[in-house]
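Undergrad: Structure for the following, please:
(one chain, ligands or ions: 1)
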Amino acid sequence: MMKTILILHTGGTIAMSQNNDGAVVPNSANPLDTFTNPFQGKLKLITEDLFNLPSPHIRPEEMLLIQKRIMKAAAAGIDGVVVTHGTDTLEETAYFLDLTVPNDLPVVITGAMRSANEIGSDGLHNFQSAIQTAASPQAKGKGVLVVMNDEIHTARYVTKTHTTNVATFRTPTFGPIGLVTKKSVHFFEKLLLQSCHPIDHVVKHVYLIKAYAGMDPEILEMLNNPATNGIVIEALGAGNLPPAVLPALKKLLIKKIPIVLVSRCFNGIAQEVYGYNGGGIQLSRLGVTFCHGLNGQKARIKLLVGLSCGLKEQALADFVSDAVS
Ligand SMILES: NC(=O)C[C@H](N)C(=O)O
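TA: Take a look at the predicted model:
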């Protein structure tokens, strides 16, 4: 039976071209409109331009619009969805959708590192691979997938690792879960499935900060205000902070502002390992929530989704601490 795939364009380099001054800029006409469906007779493609934004302009509000459009398509019986997106914040949108769209609908997100008229442009190729993946029967039940440079990654763990290289998207610790070739799509991992958390609004003022040697407590003091809904800290190593920030941290925790800890390390997970002043064991006892396995920007999305679902205190901590829930 012929499958129908919904294509949602949102902008990014995949929709841009280089101008005569060498600057890469958005186009009024999407270069992906030149794509001719190589799967005629097998796949019907429905294309919509949702917006045309560089991905640093994408906010949780735009992520919610994409999610709502996908939910509408899911209710209408679509077989799969491809989202084209700028790569800078692609992992955040992908993970937001992963948490908020039922995982039995294949949703694949892709982009490009080289714009449409640059030599070696990767946009059309990634776009085609994403369509192939969304149409694959094996893509069902895997949550949101990120397809770039012939590789399939999970939204949960993929991250952008290089400013310009086309092989920028990597999954630290675990690696990709599949490959796309000219002829077929191969998955080589079974996944732990997480539940879907549909939301109808997104809360604001969920912050992400990074720890560093000699971290200034003033940063946390500045966040101690009534607007703050939650804070994610990319902590040191296995999940430790300089002791100088502890007084400011305690003041936030007394106010029941959720504080979530991940590691600023590229690989591994943050855990309560160290017993010294500022060490993970002390932070955990103070009420900091350890998020096991997500990077800072994903943990922020998870905290934001949890808060937007109305979760509080222990229920929120349980939701955020487990990467698979
Ligand atoms: N390769 C890209 O898409 C990067 C671009 N700055 C964006 O995220 O929109």
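
Undergrad: how about the helices in the stretch 1-150 of the chain?
TA: For the stretch 1-150 of the chain, the helices defined by DSSP state H, counting those that start in this stretch cover 60-75, 90-100, 123-135.

Undergrad: Highest mean neighbour count out of these?
TA: Greatest average neighbour count among the helices of the stretch 1-150 of the chain goes to helix 90-100 (a mean of 26), per mean count of other C-beta atoms under 10 Å. C-beta coordinates here come from the backbone N, C-alpha and C atoms, glycine included.

Undergrad: coming back round to it: mean pLDDT added to the helices of the stretch 1-150 of the chain, as a markdown table?
TA: Below are these laid out as a markdown table (pLDDT from 0 to 100):
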| stretch | mean pLDDT |
| --- | --- |
| helix 60-75 | 98 |
| helix 90-100 | 97 |
| helix 123-135 | 98 |
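
Undergrad: can you redo these as TSV with distance to the ligand?
TA: Shown next, in TSV, are those (distance: least, C-beta to the nearest ligand atom, whole Å):
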stretch	distance to the ligand
helix 60-75	12
helix 90-100	7
helix 123-135	9
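
Undergrad: and those helices as JSON lines, adding distance to Arg285?
TA: Compiled in JSON lines, these are given as follows (distance: least, C-beta to C-beta, whole Å):
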{"stretch": "helix 60-75", "distance to Arg285": "31"}
{"stretch": "helix 90-100", "distance to Arg285": "28"}
{"stretch": "helix 123-135", "distance to Arg285": "44"}
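
Undergrad: out of the ones you listed, which comes closest to Ala213?
TA: Each of the helices of the stretch 1-150 of the chain has some distance to Ala213 by C-beta to C-beta; the shortest is helix 90-100, at 26.7 Å.

Undergrad: Kindly provide the distance from Leu65 to Glu48.
TA: Using C-beta to C-beta, to the nearest Å, one obtains 11 Å as the distance from Leu65 to Glu48.

Undergrad: next one: Val25
TA: If you measure Val25 against Glu48 using C-beta to C-beta, the figure is 22 Å.

Undergrad: from this protein, which residue is nearest to the ligand?
TA: Per C-beta to the nearest ligand atom, the residue of the chain with the smallest distance to the ligand is Gly86, at 2.2 Å.

Undergrad: Apart from its chain neighbours, what residue comes closest to Ala15?
TA: Setting aside the residues directly before and after it, Ala15 is nearest to Asn30 in space (C-beta to C-beta, 6 or more residues apart in numbering), at 5.0 Å.

Undergrad: Quick check: phi and psi on that neighbour?
TA: phi -70, psi 120 (degrees, to the nearest 10).

Undergrad: what's near enough to touch it?
TA: By C-beta atoms under 8 Å, 6 or more residues apart in numbering, the contact list for Asn30 reads 9, 15, 49, 52.

Undergrad: For Ala76, the count of nearby residues, please.
TA: 9 (other C-beta atoms under 10 Å).

Undergrad: Could you tell me which residues make contact with Ile301?
TA: Contacts were defined as C-beta under 8 Å, 6+ apart; by that measure Ile301 touches 60, 92, 95-96, 99.
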